[in-house]
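Asks: let me see the structure of the following:
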Amino acid sequence: AAAVKIGERVLSRNSYNNAKGLLTSLYYGNGTAAEYRYDNLNRQTETCINGEIRYQRLYDGSSRPIEIKDLLYGKKTGYEYDILGRTVSEKLIDITAGKIYARLGIRYDNAKNRVTGYDVNIEGINKKTDFVYGENKTDPDIITSVKHNNAIKLSYVYDSLNRLSTRTVAVAAGVNYTAEYTYAAGRAKNSGEDDGTLTTTLVKTVKNGGDVLEYTYDNMNNISGIYKNGVLYESYTYDSLNQLKTVTKGSDTWEYSYDNGGNILSVKLNGTVIKSYTYGNSEWKDLLTEYNGETITYDEIGNPLNYRNNMQFSWSDGRRLTGVTKGENSISCTYNSGGLRTSKTVNGAVTEYYWLNGNLQGQKTGSEYIIYLHDENGNAYGFLLKNGASEEYYYYIFNAQGDVIGILDSTGAQVVEYSYNEWGGLLSVTGSLSATVGQKNPLRYRGYYYDNETGFYYLQSRYYDPETGRFINADGILGANEDILGYNLFAYCSNNPINFSDPSGNWKIWNKIKEKVKGFLKGFTSDYIFKSSKVSTAVSTAIITGKNINVGKGWTVRIDRSNDNTKTQKHVHVEKGKLRYSQNEDGSKHDGNSSNGSPPSSVKKTLKEKLGWDWDGNIEKFELEHGKDFTQDPMNSIFFYPINPNGFLVPSFAPSSYHTIPIFAY
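Replies: Next comes the predicted model:
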């Protein structure tokens, strides 16, 4: 058995089948024990938690999952495929009664294998989405509009470089709301000035209706200033590690200080300390043990038990937050086999969540439903609020960073306005429907899911606290942010919240490629399929670097830049469900998070033809240089974290000199 410790504290212990190399058990230091069972084809069939069978998996003759049962909560997810092996259906079903709670159907065109739309049914509420191709002259494969229930809801116009120029939401028949985008000029290498001869995908202005947001940037392409209707709203500076240093708004300046491990030490307002942080654990130096005088305690693996503002937490299955008490309020949560939250109960009131294809399609509280409307990239652009016969549609207003800053009703009137601080803390909710729709809508800062009860954002793998500017418990992936601060498992976006987001809770991505360059991302259509754009490989690769892109049949790719600080090469991640592959530019494995073998040939072909990444060619070059029997030494790789067949990350073998080493995703 292999154990990971900090001092004498056991974080986890793993046991393997020596003959097959399969992980057979995983023990967490806080008492959770998981056992994994397999069939004769080495496919995981059962997961047991603390001696009880929790999950069961069934496969078809092609080893594709057709059913995943969650025995604790009595539900299962079923999958269907067409003759080409494409996923065409996903269902959420009651195990005992057979009731279908939610269903997703996926439609393709046969000529180009593109997703043309999908059909969702949640407890009898239908949502049909269609993607319209072929109306862009420079690239007929770019999506130019999105339909909801047969009516066009989103329309896009692009400039000559396929950058998004306008985005129009049809809020009602004859009533449109248009956002307009312009882009900053590039900096000439010699002068470093914006000489007007180069182009970028950095948004310069966003005009939402009559309001204009303008962005300025520093030499590192960090946002340095935001202007509202021509008046400076906020300005920012950053330190040598690209961490947020100061925020100035009017006559007020907030200043942040950090230790060498990327932990926030203090926040000052006009020179006076308003937030103080203490890290009092000599073994695990990133544990926040006191915040503004309030003591925080943890279990053996770094899950907080007593937290700020008199909150108390309970955990299950290793690192899933299942209970919160705050004064007289009691909150409990449940999760599915993939770790996605399926319900939240607040003082007896239950909210159920409907996840299909990894996307939150809707939720239900009592008799009231929120059904989310998604664009071709899976991002919500609005929602249906339904309670009995009452149905009202609402639509989001975004800034360039992906924050929901307002809500429109079906007349095109803005009825809610949100404001946030630099870390996502909610400052205000105003407008004519602020007390109703403004509170019911959970998608806020960066489009994250906001929990009113705790003030946390739910980021799928864990929770982010904007009050402290940190995740409440540790990341499950060591070094995921690919920079020197990536080894602090509690730091949010490497302490650069202005320019990054972390929608999965696992790694940061540049906000600049979220909404602004949608013209390029139109080529990566929907959650399911990838199409090329007519820009050069070099340009398109530069634009999507650092962002997960869907390339079809459930596969996503992400190309990350090289990093001199961490001595990492440019590399690619390829993922689908529990399968994860990674490769450095020289053909070596980037980390130990790779499944055996390599991605399917169709994915490698897409990587090569559309993104210029030659997976097999890189391997050939590597083998010529090192020989076919060469294996990387995991003990010398701080990025090594093997993955077990269930897709859960196994604790890192990082050298003990790194004081932040525990990896324990469940």
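Asks: please make it C-alpha for all contacts and neighbour counts, starting now.
Replies: Fine.
Asks: how many neighbours does the closest residue to residue 74 other than its chain neighbours have?
Replies: Nearest non-adjacent residue to residue 74, counting by Cα to Cα, 6 or more residues apart in numbering: residue 95, 5.4 Å away. If you count neighbours by other Cα atoms under 10 Å, residue 95 ends up with 16.
Asks: and residue 95, what does it touch?
Replies: 69, 74, 75, 76 (Cα atoms under 8 Å, 6 or more residues apart in numbering).
Asks: ok, and the closest non-adjacent residue to residue 618?
Replies: Nearest one to residue 618, counting by Cα to Cα, 6+ apart, is residue 587 at 4.2 Å.
Asks: pretty sure the one you found sits against residue 614.
Replies: No - using Cα atoms under 8 Å, residue 587 is not in contact with residue 614, being 9.1 Å away.
Asks: coming back round to it: show me which of the contacts of residue 95 are buried.
Replies: Using 16 or more other Cα atoms under 10 Å as the burial test, these include 69, 75, 76 as buried.
Asks: from those, pick the one nearest residue 428.
Replies: The nearest member of those to residue 428, counting by Cα to Cα, is residue 75 at 38.4 Å.
Asks: could you find the closest non-adjacent residue to that closest one?
Replies: Nearest to residue 75 is residue 94, by Cα to Cα, 6+ apart, at 4.6 Å.
Asks: gap between the one you found and residue 122?
Replies: The gap separating residue 94 from residue 122 is 13 Å, by Cα to Cα, to the nearest Å.
Asks: now for these two: what residues contact both?
Replies: residue 101.
Asks: more crowded one of these two?
Replies: Using other Cα under 10 Å as the criterion, residue 94 and residue 122 rank with residue 122 on top: 20 against 17.
Asks: residues in contact with the closest residue to that one other than its chain neighbours?
Replies: In space, and not counting its chain neighbours, residue 122 is closest to residue 102: 4.4 Å by Cα to Cα, 6+ apart. Applying Cα under 8 Å, 6+ apart to residue 102 gives the contacts 91, 92, 93, 120, 121, 122, 123, 354, 356.
Asks: for those, which PyMOL command selects only the ones that are buried?
Replies: Selecting the buried subset of the contacts of residue 102 in PyMOL, with 16+ other Cα under 10 Å as the burial test, is done by:
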select buried, resi 91+92+93+120+121+122+354+356
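Asks: in TSV: the contacts of residue 102, plus distance to residue 411.
Replies: TSV is the format used below for those (distance: Cα to Cα, whole Å):
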residue	distance to residue 411
91	35
92	35
93	37
120	26
121	26
122	26
123	28
354	28
356	30
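Asks: C-terminal to the helix or strand of the chain with the lowest mean pLDDT, what's the next element?
Replies: Least confident helix or strand, the chain: helix 537-544 with a mean of 29, by mean pLDDT, DSSP states H and E. Per DSSP states H and E, the first helix or strand lying C-terminal to helix 537-544 is strand 549-552.
Asks: so what secondary structure elements neighbour the very next helix or strand once past that next one?
Replies: For strand 549-552, the following helix or strand on the C-terminal side (DSSP H and E) is strand 555-560. Using 3 or more Cα pairs under 8 Å, 6 or more residues apart in numbering; DSSP states H and E, the elements in contact with strand 555-560 are helix 537-544, strand 549-552, strand 571-576.
Asks: okay, now the sheet partners of the shortest one, with direction.
Replies: Same thing as strand 549-552. Sheet partners assigned to strand 549-552 using DSSP bridges are listed as strand 555-560 (antiparallel).
Asks: give me the mean pLDDT for the partner strand.
Replies: Throughout strand 555-560, pLDDT has a mean value of 83.
Asks: quick one: contacts of stretch 389-401?
Replies: By Cα under 8 Å, 6+ apart, stretch 389-401 touches 169, 171, 203, 206, 208, 213, 381-386, 404-410, 446, 498-499, 511-512, 514-516.
Asks: what's opposite residue 581 in the beta bridge?
Replies: residue 574.
Asks: roughly how far does it sit from residue 307?
Replies: 37 Å.
Asks: picking up where we left off before, closest to residue 417 among the contacts of residue 95?
Replies: residue 75 (37.7 Å).
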